[in-house]
Structure formats: structure tokens, C-alpha cells
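K.L.:
how would this look folded up:
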Amino acid sequence: MSDRDQLLASLNAGRGELLGAVEGMTDEEAAAKPAGGGWSALECAEHIAIVETLLLRRLKTQSVAVQEELSREREAALYARLATRGRKVEAPEPVLPTGRYPTLSEAVGAFLDAREHTVRWLEKCDFDLRRRSVEHPLLGPASAYEFILIMAAHPARHARQIQEGRGN
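P.N.:
You can find the predicted model right below:
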């Protein structure tokens with residue numbers, strides 16, 4: 001399997017985890033805050049849609065070529081670390097949920113549309129993802145390859161948050 005195929009598989013896996021976490025959830029359930037506090041499933045889905053759109057825009061417009069391939073050392077652990085809920089991360093103001101989607105299906109639909117744009121971009125991308133650098137707002141410089149891994153892991157992370165809120 002090529003690197004690009006692996007990234008596409010990771011993007012699909014993250015999407016699948018989110019869809020699995022919200023499967024069968026009513027809008028009322030999705031809007032309810034978890035007993036322990038934190039975001040509702042609806043807020044998580046809104047946040048995921050916003051982040052996907054903004055990260056793809058950053059990747060498309062702000063990545064820069066680098067002379068040498070960026071290190072592959074942190075790639076192996078990046079997806080696994082980011083997809084877990086072991087460490088809480090405060091979301092920056094621009095990606096906080098604000099209630100822009102009144103229903104869970106609208107929020108999930110926005111994410112699915114954004115994810116489809118990411119997949120299409122990756123399929124057509126004609127440069128070496130490890131020879132491009134882009135600044136991640138929380139992690140700092142990352143290769144475009146790492147950036148895609150981050151995008152793949154993000155919905156998986158929040159799928160776990162949704163499952164925790166449902167008591168799963």
C-alpha cells in the first residue's frame with residue numbers, strides 16, 4: 001500500500017469512527033451536554049467540520065516546499081497519540097462551536113462535505129507530502145503528510161469524546 005493509500009485509509013477510518021459514534025443518536029441526545037461536562041455531540045460535530053475546512057485551507061494555501069524530506073520519526077505515533085483522549089487540548093477561539101448547525105445531521109453533513117474535499121485534494125495532489133511544511137496552530141511545523149494524519153485523527157478523537165459522553 002502506498003503512503004497516499006495509507007493516508008486515504010486513515011481519513012476514511014476517522015470518518016467511520018465519527019459516524020459510528022453518532023449512529024442512531026437523536027438531535028435531542030446530540031444537543032445534550034455530557035453529565036461530566038464538556039461539549040455535546042452536536043458541538044463536537046460542528047467543531048470537527050470547522051477544523052477540517054480550516055486545516056485543508058491552510059494545507060492548500062500555506063504549505064511551503066522544503067529542500068529535504070521532513071523527518072518521518074513522529075509520523076508513526078502521531079495518529080495514535082492524537083486520536084486518543086489521554087490529553088485534553090483547549091480548542092482555539094476560531095474553531096469553537098457556536099451553534100451554527102441546528103441539527104446533528106447538518107453538522108455531520110458539513111464535516112462529510114469537508115472531508116470529501118480533503119480526500120479529493122489528496123487524490124489529486126502532485127507533490128511529495130514530506131517535502132512540504134505547513135504550520136499547525138497547536139503543534140507548530142509539520143510536514144503535509146503529518147498534517148493529513150492530524151486531519152485523519154481529529155474526528156476519531158472526538159468520536160471517543162462523544163462515546164464517553166454517551167457512557168460507552
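K.L.:
Output the below-cut-off pLDDT ranges for this protein.
P.N.:
Applying pLDDT under 70 to the chain picks out residues 79-80, 83-86, 167-168.
K.L.:
at 80 what do you get?
P.N.:
36, 69-74, 76-89, 137-139, 166-168 (pLDDT under 80).
K.L.:
all strands of it, in order?
P.N.:
Counting by DSSP state E, the chain has these strands, from start to end: 64-65, 132-136, 140-143.
K.L.:
give me the number of residues near the closest residue to residue 33 other than its chain neighbours?
P.N.:
Of all residues not flanking residue 33 in the chain, residue 40 sits nearest, at 5.2 Å (Cβ to Cβ, 6 or more residues apart in numbering). Heads up, the C-betas are built off the backbone N, CA and C, glycines and all. Residue 40 has 18 neighbours, counted by other Cβ atoms under 10 Å.
K.L.:
just the helices in the chain please.
P.N.:
Counting by DSSP state H, the chain has helices at residues 3-22, 27-31, 41-62, 75-83, 104-124, 144-166.
K.L.:
Could you identify which of these is most buried?
P.N.:
Mean neighbour count (mean count of other Cβ atoms under 10 Å) peaks for helix 144-166 among the helices of the chain, with a mean of 23.
K.L.:
So which elements touch it?
P.N.:
With contacts taken as 3 or more Cβ pairs under 8 Å, 6 or more residues apart in numbering; DSSP states H and E, helix 144-166 sits against helix 3-22, helix 41-62, helix 75-83, helix 104-124, strand 132-136.
K.L.:
residues in contact with the last one?
P.N.:
Applying Cβ atoms under 8 Å, 6 or more residues apart in numbering, the external contacts of strand 132-136 come out as 55, 58-59, 62-66, 70, 141-144, 146-147, 150.
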